[in-house]
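Asker: Starting from these lines, generate the structure:
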Amino acid sequence: MRNTVNYTGKSEKVNLVWNLKDDDKAIKGTYVAQIYTDEKFLGETTFTLK
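Answerer: Modelled structure (predicted):
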């Protein structure tokens with residue numbers, strides 16, 4: 001999943017949608033989301049599907 005955000009220097013909420021293919025399922029568990037610029041790694045967070 002990928003999204004382009006134009007940084008303006010202000011805090012901004014960004015939503016991403018995970019579109020599953022027809023035969024795929026969202027599996028319960030903890031996932032890691034990593035954030036990058038074109039040049040470097042900015043940070044990461046986790047989220048849990050129940």
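
Asker: CA only for contacts and neighbour counts going forward, please
Answerer: Will do.

Asker: The residue nearest the centre of the chain: which element?
Answerer: Among the residues of the chain, residue 33 comes closest to the average C-alpha position under C-alpha atoms, centre = their mean, at 4.9 Å. When secondary structure is defined by DSSP states H and E, residue 33 falls within strand 29-36.

Asker: Then residue 5?
Answerer: Using DSSP H and E, residue 5 is not contained in any helix or strand.

Asker: okay but residue 33 is in contact with residue 46, surely?
Answerer: Yes. With the criterion set as C-alpha atoms under 8 Å, residue 33 and residue 46 qualify as a contacting pair; they are 5.9 Å apart.

Asker: if we can go back for a sec, avg pLDDT for the strand holding residue 33?
Answerer: Per-residue pLDDT values over strand 29-36 give a mean of 93.

Asker: Just the CA atoms of it, as PDB, please.
Answerer: The C-alpha atoms that make up strand 29-36 are tabulated as PDB, following Å, rounded to 0.1, in the frame of the first residue of the first chain:
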ATOM      1  CA  GLY A  29      -2.700 -10.100  14.100                       C
ATOM      2  CA  THR A  30      -0.400  -7.200  14.700                       C
ATOM      3  CA  TYR A  31       1.000  -5.400  11.700                       C
ATOM      4  CA  VAL A  32       3.800  -2.800  11.300                       C
ATOM      5  CA  ALA A  33       3.300   0.400   9.200                       C
ATOM      6  CA  GLN A  34       6.600   2.100   8.200                       C
ATOM      7  CA  ILE A  35       6.800   5.600   6.900                       C
ATOM      8  CA  TYR A  36       9.400   6.800   4.400                       C
END
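
Asker: Run through the neighbouring helices and strands of that strand.
Answerer: Contact partners of strand 29-36 among helices and strands, from 3 or more C-alpha pairs under 8 Å, 6 or more residues apart in numbering; DSSP states H and E: strand 41-49.

Asker: helices or strands up against the strand it packs on?
Answerer: By 3+ C-alpha pairs under 8 Å, 6+ apart, strand 41-49 packs against strand 29-36.
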